[in-house]
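Participant: The following comprises the amino acid sequence and a computationally predicted model.
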Amino acid sequence: MMHTSQDAPELNGSTEYGKNLVKGLKKEEQVEQASVQKLSKEHDLVLKTFRLLIADLCQQFNGGHPGGAIGMAAIGVALWKYVMRYAPHTPTYFNRDRFVLSNGHTCLFQYTFLHLTGYKAMTFDQLKSYHSDKVDTLCPGHPEMEHEGIEVTTGPLGQGVANAVGLAMATKNLQATYNKPGFDVVSNHTWCMVGDACLQEGVALEAISFAGHLKLNNLTIIYDNNQVTCDGSVDLTNTEDVNAKMKACGWNVIDIEDGCFDVEGLVEALNKARSASDKPTFINVKTVIGLGSAVAGDAVAHGQAFGATDVANMKKAYGFDPEEHFVVSKEVRKFFVDLPERGQKLVEEWEKMIQIYETKYPEDGADFRRRIQGQLPENWKDLVPSSFLDTPTATRKSSGLVINPIAEKINNFMVGTADLTPSVHMSWNGKIDFQHPDLKTTCGINGNYTGRYIHFGVREHSMAAISNGLAAFAPNTFIPITSSFMMFYFYSAPAVRMGALQQLQVIHAATHDR
């Protein structure tokens, strides 16, 4: 159910805002025109403020990507205000939900919500440094993980989808290893925002297939479906049934017809996704890129400022002063003001639970604390072989001689190959495969979520990108190791590069190098 706003703009084309919104909605042919009127006054003000702030932030330096962020505004309100579990003043809270922005060019969407929800580092001045020449800006053109509230540097489109799968796998493994009756010490959810282009990338499709196979019900993809890419409308290059494909890959699918305004519908869908018991969830949210601008629904809205005249007209239509810039009223600040305190309560409740858990389960508690702190056992170096073969040895064999004894004994390590287990010698006796526990394979190789050996299948690119997500869950909580033939790592090159740029603790053992 949605509230009705008495001051929502009429959608009759009588204003510049109305004309352009009607134009955008006709292009989409998906959102009822009456939907713009079904807003609470509070949500209406927050959405208007957010969209104009994005327009101003891009206009000040005449660059950036305003369109997608503006179209996604209601999604952000639903997530950060009502659904996600996080602590702005304790950004590294271990059991926080993870949010991944795969369509990283819409970074103002994330930066602005980080500021509004109270992340201390994201000051208003920092937010206004977007697209500036400041070398210490926290707001580069794509989000980077060293800043508070940003889990991974997603980089090229599609990488974030695979990173999110890795984060969700990390949660599943920790849950299966440490959770006890009455002690859900790990219970976080992973949310991944994607655009039309992300879903055309091969790495995303590999990861989507794998997540469905693993039944990662703690993972939700939110699809900003505005049907626009740089070159034009999506049907220029892609006419498939996305929902049918996601269902075929083993995902639940939820449709939101009015993603521009239906905050309550979005909250309901997101909460339903969190409570999913059997599959990951794909929420198909229909939006309008550049909503309210003169280029709404058009590819021009994607990657350039709207222009001073257009921004001024948007402000007039919204009832704002066109001469004022970067306006965030006290009412909007108040809307988000409770979130740091709410987050701290989550942290305090979780820490109390961990203390009781450590008392009741001292061995598991100590091991869990070690993982939280990203430490290896004190004697880990004793597991490294003291001597090696003195005869010429293939790299695949020598790598296994070093890695397998360590991976067998130290649960920080997760090892995986892209369908080359017999060839790369990276498995150990007694290993447990990471699989959904109900899977019964024809070949008889089964496992469960406590497993630390991953059969990625022939998915080299997502293998490396998923490993980045595993490593990014928390420093050294997981140290992923992958192995494949040297030539096949060329498929993985973008993900290997992104892991290196982020200084993630991922080991790639390339074999058959000549």
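Facilitator: The structure has been received and is ready for your questions. Residues are numbered from 1 along each chain as shown.
Participant: element containing residue 503, please.
Facilitator: Remark: residue 503 resides in no helix or strand, with elements defined by DSSP states H and E.
Participant: Count the neighbours of it for me.
Facilitator: 11 (other Cβ atoms under 10 Å). (C-beta placed from N, C-alpha, C; glycine too.)
Participant: Tell me the spacing between it and residue 473.
Facilitator: Note on residue 503: its distance to residue 473, by Cβ to Cβ, to the nearest Å, is 15 Å.
Participant: How about residue 451?
Facilitator: Look at residue 451 and residue 473: by Cβ to Cβ, they are 16 Å apart.
Participant: Between those two, tell me which one has more neighbours.
Facilitator: The residue with more neighbours, out of residue 451 and residue 473, is residue 473; 24 against 20, by other Cβ under 10 Å.
Participant: I'd assumed residue 108 was in a helix, is it?
Facilitator: Yes. The assignment for residue 108 (DSSP: H, G, I helix; E, B strand; the rest coil) places it in a helix.
Participant: all strands in this protein, in order from the N-terminus.
Facilitator: Using DSSP state E, the strands found in the chain span residues 98-101, 190-195, 219-225, 228-229, 232-233, 252-256, 281-286, 413-417, 433-434, 447-448, 453-455, 479-485, 507-511.
Participant: Now render these as JSON lines, adding distance to residue 74 and mean neighbour count.
Facilitator: Compiled in JSON lines, these are given as follows (distance: least, Cβ to Cβ, whole Å; neighbours: other Cβ atoms under 10 Å):
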{"stretch": "strand 98-101", "distance to residue 74": "16", "mean neighbour count": "26"}
{"stretch": "strand 190-195", "distance to residue 74": "13", "mean neighbour count": "28"}
{"stretch": "strand 219-225", "distance to residue 74": "11", "mean neighbour count": "28"}
{"stretch": "strand 228-229", "distance to residue 74": "17", "mean neighbour count": "24"}
{"stretch": "strand 232-233", "distance to residue 74": "22", "mean neighbour count": "14"}
{"stretch": "strand 252-256", "distance to residue 74": "9", "mean neighbour count": "19"}
{"stretch": "strand 281-286", "distance to residue 74": "8", "mean neighbour count": "24"}
{"stretch": "strand 413-417", "distance to residue 74": "37", "mean neighbour count": "25"}
{"stretch": "strand 433-434", "distance to residue 74": "36", "mean neighbour count": "21"}
{"stretch": "strand 447-448", "distance to residue 74": "39", "mean neighbour count": "18"}
{"stretch": "strand 453-455", "distance to residue 74": "36", "mean neighbour count": "23"}
{"stretch": "strand 479-485", "distance to residue 74": "35", "mean neighbour count": "25"}
{"stretch": "strand 507-511", "distance to residue 74": "40", "mean neighbour count": "20"}
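Participant: closest one to residue 150 among those strands?
Facilitator: strand 98-101 (8.0 Å; Cβ to Cβ).
Participant: can you list the residues that contact the closest one?
Facilitator: 79, 84, 86, 107, 109-110, 143, 149-152, 154, 160-161, 163-164, 167, 188-193, 469, 473 (Cβ atoms under 8 Å, 6 or more residues apart in numbering).
Participant: which of these are buried?
Facilitator: 79, 84, 86, 107, 109-110, 143, 149-152, 154, 160-161, 163-164, 167, 188-193, 469, 473 (16 or more other Cβ atoms under 10 Å).
Participant: quick check: domain ranges of this structure?
Facilitator: Domain assignment for the chain by automatic domain parsing gives 44-343, 380-511.
Participant: Just the terminal-to-terminal distance for the last one.
Facilitator: This means domain 380-511. Domain 380-511 has an end-to-end distance of 25 Å (Cα to Cα, to the nearest Å).
Participant: Same check on the longest one?
Facilitator: Start and end residues of domain 44-343 are separated by 25 Å (Cα to Cα).
Participant: Of all the domains of the chain, which one comes closest to residue 369?
Facilitator: Ranking those by proximity to residue 369 (Cβ to Cβ) places domain 44-343 first, at 10.2 Å.
Participant: Excluding chain neighbours, what is closest to residue 372?
Facilitator: Nearest residue to residue 372, sequence neighbours excluded (Cβ to Cβ, 6 or more residues apart in numbering): residue 94, at 5.4 Å.
Participant: likewise residue 155?
Facilitator: Leaving aside its sequence neighbours, residue 155 sits nearest to residue 498 (Cβ to Cβ, 6+ apart; 4.7 Å).
Participant: residues in contact with that neighbour?
Facilitator: Contacts here follow Cβ under 8 Å, 6+ apart; on that basis residue 498 touches 153-156, 159, 465, 468.
Participant: Dump those to a markdown table, plus distance to residue 202.
Facilitator: Converted to a markdown table, the contacts of residue 498 look like this (distance: Cβ to Cβ, whole Å):
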| residue | distance to residue 202 |
| --- | --- |
| 153 | 20 |
| 154 | 15 |
| 155 | 15 |
| 156 | 11 |
| 159 | 11 |
| 465 | 11 |
| 468 | 16 |
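Participant: Need the single longest helix in the protein, by residues.
Facilitator: helix 339-360 (DSSP state H).
Participant: Residue 251: how many residues sit nearby?
Facilitator: Using other Cβ under 10 Å, residue 251 is surrounded by 25 other residues.
Participant: er, residue 128 actually
Facilitator: Using other Cβ under 10 Å, residue 128 has 20 other residues around it.
Participant: again with residue 330
Facilitator: 8.
Participant: Against residue 343, how distant is it?
Facilitator: Applying Cβ to Cβ, the value for residue 330 to residue 343 is 21 Å.
Participant: check contacts around the closest residue in space to residue 501 that isn't next to it in sequence.
Facilitator: In this structure, residue 501 finds its nearest non-sequential neighbour in residue 153, 6.4 Å apart by Cβ to Cβ, 6+ apart. Taking Cβ under 8 Å, 6+ apart, we find residue 153 in contact with 142-145, 498, 501-502.
Participant: about what we covered before: out of the strands of the chain, which comes closest to residue 305?
Facilitator: Of all these, strand 228-229 sits nearest to residue 305, with 16.7 Å by Cβ to Cβ.
Participant: Which strands or helices does that closest one pack on?
Facilitator: Based on contacts counted as 3 or more Cβ pairs under 8 Å, 6 or more residues apart in numbering; DSSP states H and E, there is no element that strand 228-229 packs against.
Participant: what does that strand rub up against?
Facilitator: With Cβ under 8 Å, 6+ apart as the criterion, strand 228-229 contacts 67, 196-197, 234, 236-237, 289, 297-299, 301-302.
Participant: Nearest to the spatial middle of the protein, which residue is it?
Facilitator: In the chain, the C-alpha nearest the mean C-alpha coordinate belongs to residue 100, at 1.7 Å (Cα atoms, centre = their mean).
Participant: beta partners of it?
Facilitator: residue 192 (DSSP bridges).
Participant: any idea how far the closest residue to residue 71 other than its chain neighbours is from residue 325?
Facilitator: Nearest residue to residue 71, sequence neighbours excluded (Cβ to Cβ, 6+ apart): residue 287, at 3.9 Å. Counting by Cβ to Cβ, the separation of residue 287 from residue 325 is 25 Å.
Participant: More neighbours: which of those two?
Facilitator: residue 287 (30 against 17).
Participant: So for the more buried one, what pLDDT did the model give?
Facilitator: For residue 287, the pLDDT comes out at 98.
Participant: Also the one 10 residues further on?
Facilitator: Among the per-residue scores, residue 297 shows a pLDDT of 96.
Participant: my read: it touches residue 287, true?
Facilitator: No. Residue 297 is beyond contact range of residue 287, at 9.8 Å (criterion: Cβ atoms under 8 Å).
Participant: which residues do these two both contact?
Facilitator: residue 226.
Participant: Now do the helices in the stretch 51-200 of the chain.
Facilitator: For the stretch 51-200 of the chain, the helices defined by DSSP state H, counting those that start in this stretch cover 66-71, 73-76, 107-116, 124-127, 159-178.
Participant: who's in contact with the nearest residue to residue 174 once chain neighbours are set aside?
Facilitator: Nearest non-adjacent residue to residue 174, counting by Cβ to Cβ, 6+ apart: residue 186, 4.3 Å away. Shown in contact with residue 186 (Cβ under 8 Å, 6+ apart): 95, 171, 174-175, 178-179.
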